[in-house]
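J.: predicted model follows, preceded by the sequence.
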Amino acid sequence: MREPDELADGIAVVSEAKRVAVLSGAGVSTESGIPDFRGPNGLWTRDPSAERMSSFEAYRDDPEVRRRSWQARLAHPAWSAEPNDAHRALVSLERAGRLVALVTQNIDGLHQRAGSVSVLELHGTMHETECLSCGDRRPMLEALDRVAAGEVDPPCLVCGGVIKSATISFGQALDMNVLMAARDAVTSCDLMLAVGSSLSVQPAAGLVGLAARAGATVVICNASETPYDDLAAIVLRGPLGEVLPALVS
Ligand code: NAD
């Protein structure tokens, strides 16, 4: 039973930190009813073929992948999800003036809905669409209305091109400005808190190593092992809805 000791140590480390950078992942939102990819009940754990839906090339080149993607977006649990105690704990860290930035791999907007302001969305947002040809951006709900009305793969209203959620799929480049801001945050923090991520997607996961090399203490809160656990001063495996409120209390 090391966990209670580790939690007490984690509380001490977090309470002493003055500049905290957070890297969050899909595990923060599972308690809001949004499945992750690689956790025990993850979308890809249950259906490995679903990984193809996250490939940029497959989406761009295969109308069937786009048709399935639009149906998945229409039925996505994020539209009715509410922030949970893990999201709210990170809001209180920011309101206490101790957060440098909340870097998230999540696309669901729940950190902002909970009240977090300094959010860097490394992988974009599912709340907007973007045209792959002309770059036109619009609210996702406009496109979903068209899908619900019978358009299986709604084209861009400006140029007729393929539209996609404004998220970064595998094979797509990250927004360099967002990535640079994230790098600045993790190299200027004294505590790097990585929460709810398998830390298996680069370059996001590499931010943890970057923070450690720049001298930050690393705390990882995740139910399963990550490749960065050995770098961490403290690793906590409990559910984030309990662990994060305790850590920042
Ligand atoms: P991931 O699925 O690879 O890993 C999630 C991790 O969270 C797993 O290791 C799992 O064990 C852990 N976890 C799940 N629920 C937890 C809980 N309640 N308490 C503690 N740990 C918990 O997700 P990732 O590392 O974020 O990376 C994959 C990609 O998935 C990202 O690019 C992200 O954009 C995308 N994604 C986002 C969402 C979302 O926005 N909510 C959902 C699914 C996938």
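T.: On my side now, so go ahead. Residues are numbered from 1 along each chain as shown.

J.: and the helices in this structure?
T.: Under the criterion DSSP state H, helices of the chain are mapped to 3-16, 43-46, 56-61, 63-74, 85-95, 110-114, 140-148, 176-187, 206-213, 240-248.

J.: so is the fifth one next to the ligand?
T.: No - contact check for helix 85-95 against the ligand, using C-beta under 6 Å from any ligand atom: none in range, with a minimum separation of 7.2 Å. Where C-beta positions appear, they are placed from N, C-alpha and C, glycine not excepted.

J.: report the inter-axis angle for that helix versus helix 240-248.
T.: Per axes from the mean of the first three to the mean of the last three C-alpha atoms, to 10 degrees, the angle that helix 85-95 makes with helix 240-248 is 30 degrees.

J.: the fourth one now?
T.: Orientation check (the same axes, to 10 degrees): helix 63-74 against helix 240-248 gives 60 degrees.

J.: counting by contacts, list what helix 63-74 packs against.
T.: Under the contact criterion of 3 or more C-beta pairs under 8 Å, 6 or more residues apart in numbering; DSSP states H and E, helix 63-74 touches helix 56-61, helix 140-148, strand 163-167.

J.: now that helix: average pLDDT?
T.: Regarding helix 63-74, the rounded mean pLDDT is 96.

J.: follow-up on the earlier one: out of the helices and strands packed on helix 63-74, which is the most enclosed?
T.: Mean neighbour count (mean count of other C-beta atoms under 10 Å) peaks for strand 163-167 among the helices and strands packed on helix 63-74, with a mean of 22.

J.: hmm, who's touching it?
T.: For strand 163-167, the surrounding residues in contact (C-beta atoms under 8 Å, 6 or more residues apart in numbering) are 59, 66, 69, 73, 107, 123-132, 136-137, 140, 143, 154-156.

J.: who does it pair up with?
T.: Its sheet considered, strand 163-167 pairs with strand 124-131 (antiparallel) by DSSP bridges.

J.: okay, the partner strand in PDB with CA atoms only?
T.: Only the C-alpha atoms of strand 124-131 are listed here, as PDB (Å, rounded to 0.1, in the frame of the first residue of the first chain):
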ATOM      1  CA  GLY A 124      -7.100  21.500 -31.700                       C
ATOM      2  CA  THR A 125     -10.800  21.500 -30.900                       C
ATOM      3  CA  MET A 126     -13.800  19.400 -31.900                       C
ATOM      4  CA  HIS A 127     -16.000  22.400 -31.500                       C
ATOM      5  CA  GLU A 128     -15.000  23.900 -34.900                       C
ATOM      6  CA  THR A 129     -14.600  22.600 -38.500                       C
ATOM      7  CA  GLU A 130     -11.800  23.500 -40.900                       C
ATOM      8  CA  CYS A 131     -11.800  23.100 -44.700                       C
END
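
J.: got the contact list for the worst-scoring helix or strand of the chain on mean pLDDT?
T.: Ranked by mean pLDDT, DSSP states H and E, the helix or strand of the chain with the weakest confidence is helix 43-46, at a mean of 84. Helix 43-46 is contacted by residues 35, 36, 37, 38, 39, 50, 51 when judged by C-beta under 8 Å, 6+ apart.
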